[in-house]
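A.B. asks: Give me coordinates for this.
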Amino acid sequence: MPVVNEDDTAYRLRYLDDAVLREKSENVKSVRTAESELIKALADVMVKHRGVGLAAPQLGVLKRIIVVHPSLLPEGADTLFINPEIVWTSDDEEVEEEGCLSLLSIASLLARPARVTVKYVDAEGRERELEAEGLGARALVHETDHLDGVLFIDHLSRLKRKQVRDHFRKLYRELGLGSR
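C.D. replies: Residues are numbered from 1 along each chain as shown. I've put the predicted structure just below:
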């Protein structure tokens, strides 16, 4: 049984105008077979599309699960975060290009906290905390935002948000994704 099918099954990457990206996700009570398949799909799609993180709503599933690429996190850190909650952010920020697979990796400069602490449940059901900095912190905040229906473009000025949306829609049409 294929976990990732980019055609028309549940585990396909969702794009900007998909309503599921604007909905709030539900907490995960336990990791069962369905969640295990979703977790594998998240990792597979993230790697396939060369992403640095992915949230369950980006695959059309409203569950509070995210994955972050291990290269962005402290060595040996978990890369799977169930029910993640950002519990602390540094006052200092970093302005970097930020993109999103649900926007075809279109990016824009955005200020995010330089360091964050995230509280989460790991794959074995244990409550954990992790402090991350730099791109790891950015990815954790970005992916956690997805769980609340927030996209990175929501943090941009109205003009910049319109420019990014227009660029996305043009590229989306050019790639023929609208006919799926």
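A.B. asks: Pull up the distance across stretch 60-80, start to finish.
C.D. replies: Terminal residues of stretch 60-80 are spaced 18 Å apart (Cα to Cα, to the nearest Å).
A.B. asks: Report how many residues lie close to Gln31.
C.D. replies: Actually, residue 31 is Val rather than Gln. Val31 has 18 neighbours, counted by other Cβ atoms under 10 Å. No exception for glycine: its C-beta is placed from N, CA and C like everyone else's.
A.B. asks: what are the ranges of the helices in this structure?
C.D. replies: Counting by DSSP state H, the chain has helices at residues 33-48, 134-146, 158-174.
A.B. asks: right, so those: which one is the most enclosed?
C.D. replies: Across the helices of the chain, averaging neighbours per residue (mean count of other Cβ atoms under 10 Å) puts helix 134-146 on top, at a mean of 23.
A.B. asks: Can you name every helix or strand that it contacts?
C.D. replies: Applying 3 or more Cβ pairs under 8 Å, 6 or more residues apart in numbering; DSSP states H and E, one finds that helix 134-146 makes contact with strand 53-55, strand 65-68, strand 80-89, strand 93-99, strand 107-113, strand 115-121.
A.B. asks: can we see that at 10 Å?
C.D. replies: Where contact means 3 or more Cβ pairs under 10 Å, 6 or more residues apart in numbering; DSSP states H and E, helix 134-146 is packed against strand 53-55, strand 65-68, strand 80-89, strand 93-99, strand 107-113, strand 115-121, strand 127-133.
A.B. asks: least trustworthy helix or strand in the chain by mean pLDDT?
C.D. replies: Ranked by mean pLDDT, DSSP states H and E, the weakest helix or strand in the chain is helix 33-48, scoring a mean of 93.
A.B. asks: Which neighbouring elements make contact with it?
C.D. replies: strand 53-55, strand 65-68, strand 80-89.
A.B. asks: neighbours of Asp122, just the number please.
C.D. replies: When neighbours are counted by other Cβ under 10 Å, Asp122 comes out with 14.
A.B. asks: Spit out the contact partners of the nearest residue to Asp92 once chain neighbours are set aside.
C.D. replies: Spatial nearest neighbour of Asp92, excluding adjacent residues (Cβ to Cβ, 6 or more residues apart in numbering): Ala114 at 4.7 Å. Taking Cβ atoms under 10 Å, 6 or more residues apart in numbering, we find Ala114 in contact with Thr89, Ser90, Asp91, Asp92, Glu93, Glu94, Glu133, Gly134, Ala137, Arg138.
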